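>>> A structural model of the following input is requested.
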Amino acid sequence: MAVEKVRCGWCLGSDAYKAYHDEEWGRAQHDDGVLFEFLILEGAQAGLSWSTILGKRDGYRRVFAKFDATKLARWDDDCLEKALLDTGIVRNRLKVWSVRTNARAFLAVQKEFGSFDRYLWNWVDGKPVLNARKDLKEVPARTELSDRISKDLLKRGFKFVGSTIIYAYLQAMGVVNDHVVDCHRYPRKAARAAG
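Sure, this is the predicted structure:
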């Protein structure tokens, strides 16, 4: 009989959540394509549950050109209106229209810094912030770091990048590691070395 792995409590609601937690959430991500995809998905999640967005992820990939920022930056208004008709995504006008805006801002950041990865990871000197949360109740909705990044992204023209959204994004992309200490995904070697 297999022993169930200890996981962060937020992911226990479904097998899809467990797989996302085990395979993606909190892993240091450096691929600009994935960084853009999650920036859009985290913004789409605002006011909704992550399970809603996770369940529509394939729809988002299909509707939004597999999150190709270069293609999305060139979309005209008709493309955005067509996307609004697709039930494979959350059909919120402001969120859908923000995809083109964010694609353009994302490309501008890539041009300025060489990659969005370099821009994002510069905020933490290239090293993930490793927290030692014992309980989910200890995890904040936002931090001083997410406040600063959110403010900078807004200044650069991004939409749906408030501090709470950005903190969730930082967690998902592994910039901030908020796996609880009992979770099988908590990086014990790094924690031992730091202690």
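
>>> now do the buried residues in the lengthiest helix in the chain.
Secondary structure of the chain per DSSP state H: the longest helix is helix 93-113. For helix 93-113, burial by neighbour count (16 or more other Cβ atoms under 10 Å) applies to 95-100, 102-107, 109-110. C-betas here are computed from N, CA, C, even on glycine.

>>> and the helices in this structure?
Remark: helices assigned in the chain by DSSP H are 15-23, 32-45, 50-55, 57-63, 69-73, 77-84, 93-113, 116-122, 144-155, 163-172, 188-194.

>>> which secondary structure elements does the first one sit against?
Contact partners of helix 15-23 among helices and strands, from 3 or more Cβ pairs under 8 Å, 6 or more residues apart in numbering; DSSP states H and E: helix 50-55.

>>> so what touches the longest helix of the chain?
Here helix 93-113 makes contact (Cβ atoms under 8 Å, 6 or more residues apart in numbering) with 32, 36, 39-40, 43-44, 46, 64, 69-70, 72-73, 75, 80, 83-84, 89, 116, 119, 122, 153, 156-161.

>>> out of the residues you listed, which are buried?
For the contacts of helix 93-113, buried by 16+ other Cβ under 10 Å: 32, 36, 39-40, 43-44, 46, 64, 69, 72-73, 75, 80, 83, 89, 116, 119, 153, 158-161.

>>> which one, of the helices of the chain, ends up nearest to residue 3?
helix 15-23 (14.4 Å; Cβ to Cβ).

>>> can you give me the offset of the closest one from its chain's centre?
On the basis of Cα atoms, centre = their mean, to the nearest Å, helix 15-23 sits 15 Å off its chain's mean C-alpha point.

>>> one step back: closest one to residue 136 out of the buried residues of helix 93-113, please.
Nearest member of these to residue 136, counting by Cβ to Cβ, is residue 95, at 26.5 Å.

>>> contacts only, for residue 122.
By Cβ under 8 Å, 6+ apart, the contact list for residue 122 reads residue 113.

>>> just the angle for the longest helix of the chain relative to helix 77-84, thanks.
120 degrees (axes from the mean of the first three to the mean of the last three Cα atoms, to 10 degrees).
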